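> With the input below, show me the fold.
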Amino acid sequence: MSTPRRRPLKTVTGVSGAVSTYAAAIDPQQSTVASSIEIAKIAEANKFDALFAADLLSFGAQGAIGAQEPLIFLSALSAVTSHVGLIATVTTTFHHPYNLARLFGTLDHVSNGRAAWNAVTSSLGEENYSDRDLPSPEERYARATESLEVINALFDSWQPGALTSDGAGGTTLDADRVRPIDHAGTYFTVKGPLNIPPLPQRRPVQFQAGQSAAGVELGARFAEVVFTSLPTLEDAVTYTKSIRARATELGRADGLPLIMSSFHATYGASEEEVRRLVREQEEATDLDAGRIRLEDMLGGDIDLSGLPLDKPIPADVLPDVRSVNRRRGRVEIFSRLAASGRTLRELIIASKDTGHWAVAGTPEQLADAVQERYDAGVLDVISLGGLAEERTRDFVVNGLLPELRRRGIVGNDYVGGTFRDNLELPPLPPRD
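Down below sits the predicted model:
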C-alpha cells in the first residue's frame, strides 16, 4: 500500500515595509512599488507560493510597515506576476464587511484567483478612526467573527449557474441565483447580495493572525492558514494541537488550519561565521531602545528601566495578561519567556524578533530546523524574508531553498491555477 503524498511546505516572502518606500516617495523617477516589483519577480522565478503585505495603522509604529495600503499595493503587483499568491493584511476593526468583500473580490478577479486575506483585529490606530478607545480584545474578536460571517455569505451569494457563457462571447445572468443574505447582527446590517461577480476562488484564501484565546477561537472557526509567532518547537506543538482540536470540534476539514510561521534566520557559510554574526548582532543591541521594545512586547504598561540586565524580571513586574488590551498573544509569548528564567538582557535580544521563530546557522543547519517542525506536523507555510538584500537573497535562493527541495520538503513548481490550488487546500464547505 503506497504512502499518501504529504503536502509540500509552502513558501511566502514579504513585500511591504521596506525603507526604500520612503526614498521612492521623494524621487519623481521612481514608483513606491518599484523595489517590491523586483522582489515579486524574484519570488515567482524561485517558485515562492505567495507575497505577503503587512500593515499597521499608525505613523512610526514599526518602520515603514503601513506606509502603503496592502490591497492597492498587491493589485499593482498582480499585474507583473502570474502565479504567486497575494496575501493582504487588513483589519476587521475599522472596516465594514461589505467594503471588504468588494475589495478582496476585486483583487481575486484582477489577479485571476490569487487573492488571500490575512484578517487581523488591530492593536494600534484607533486614534485615526474615532475618538473612542481601542475596543477590548473580546469586542474586537466578536466584531471580527460577525464580519467574517457576513463576508463569506456575500461571497457565496452568487449561486452556481448565476453567471454563464452564452456561447457567443457574452454572458447570461440568472438574477434568481444571486440571493440577498439579509444579515442583521450586533455590529452590521447587510442585505446583499454582493455586486461583484462570482470569484475565481469562490472565496479568497483566509489567513488569520492572533494568538490570544479569542484569536485561537477565530482562527479555528474561519482560518485556512494561521500566521503565528511560535518561538520554540514546544510552543508550536502546543498551539497546533490546541487550534486543530478546536477546529475539529467546529467541524472543519482535517488538517485545518495550516500553520504559517515567520522564519527569522541568521545565515552563515560556516559555523564560525554564524557564531561571529550572532555575537556581532548581540553586541550591537541598543539596550535602552531594547527595554522600550520589550516593554511594548509585555503590554506597554510596565517599567523595566531600573532592573538589572543580567537577572530575570521579577514575577511581580510581569503583567496580568487578562488586563492587557493590545497584542495579548504577544504578551503571553514574552511572559512565558520571562517566566522561564531568561535574563532581561536575553529578553531584550529576543525581542528584536518580536516573538517569532529565530534560528542561526548554515543553510544545512537551517534546513534541519525547518525539517524538524515540518516533520512534527507544526509547519505548513514558512515566511522567508530578506529577498531585498543581496547577501540574504543569495543564501535563501541558492542555499536554503535548494536544500529543502533536495530533501523533498519544498515543491519545485506551482501545481494549480489559483492560490487555493497551489496551497493544496481542502475544498470549501458547501454553500448554505
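
> can you pull the contacts of Asp421?
With contacts defined as C-beta atoms under 8 Å, 6 or more residues apart in numbering, Asp421 is in contact with Val415. For the C-beta atoms, the positions are set from N, CA and C on the backbone; glycine is no exception.

> Assumed it was part of a strand.
No. The assignment for Asp421, made by DSSP: H, G, I helix; E, B strand; the rest coil, is helix rather than a strand.

> Find me the pLDDT at it, would you?
Looking at Asp421, its pLDDT stands at 98.

> And it, how close does it get to Arg202?
12 Å (C-beta to C-beta, to the nearest Å).

> list the buried ones in stretch 265-276?
Of the residues in stretch 265-276, 265-268, 274 count as buried by neighbour count, 16 or more other C-beta atoms under 10 Å.

> okay if I get these as a markdown table plus pLDDT?
Putting the buried residues of stretch 265-276 into a markdown table (pLDDT from 0 to 100) gives the following:
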| residue | pLDDT |
| --- | --- |
| Ala265 | 96 |
| Thr266 | 96 |
| Tyr267 | 97 |
| Gly268 | 97 |
| Val274 | 96 |
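
> Nearest to Gly14 among these?
Ranked by distance to Gly14 (C-beta to C-beta), the buried residues of stretch 265-276 are led by Ala265 at 13.4 Å.

> How far off centre is the strand or helix carrying the closest one?
Using DSSP states H and E, Ala265 falls within strand 258-267. With C-alpha atoms, centre = their mean, to the nearest Å as the basis, strand 258-267 stands 11 Å off its chain's centre.

> Stretch 60-71 now?
That offset, for stretch 60-71, works out to 14 Å (C-alpha atoms, centre = their mean).

> swap in stretch 148-155?
20 Å.

> Please apply the same query to stretch 81-90.
For stretch 81-90, the distance to the chain centre is 12 Å (C-alpha atoms, centre = their mean).

> any idea which element the closest residue to Glu127 other than its chain neighbours lies in?
Spatial nearest neighbour of Glu127, excluding adjacent residues (C-beta to C-beta, 6 or more residues apart in numbering): Ser58 at 7.5 Å. Taking DSSP H and E as the definition, one finds Ser58 inside no helix or strand.

> if I look at Ser58, how far off is Val410?
36 Å.

> Ok, Arg140 next?
Taking C-beta to C-beta, one finds Arg140 at 35 Å from Val410.

> what's the answer for Pro97, then?
35 Å.

> do Val12 as well
12 Å.

> the more surrounded of the two?
Val12 (26 against 23; other C-beta atoms under 10 Å).

> So Glu44, which state does it fall into?
Once three-state DSSP is applied, Glu44 turns out helix.

> Kindly list the longest helix within this protein.
Using DSSP state H to define each element, the chain has its longest helix at helix 137-155.

> mind checking the SS state of the residue nearest to Asn195 when sequence neighbours are not counted?
Leaving aside its sequence neighbours, Asn195 sits nearest to Arg102 (C-beta to C-beta, 6+ apart; 7.3 Å). Each residue gets one of three states, and Arg102 gets helix by three-state DSSP.

> And for Arg102, the neighbour number?
Arg102 has 16 nearby residues by other C-beta under 10 Å.

> wait, isn't it in contact with Leu199?
No. Contact criterion C-beta atoms under 8 Å: Arg102 and Leu199 do not qualify, at 11.2 Å.
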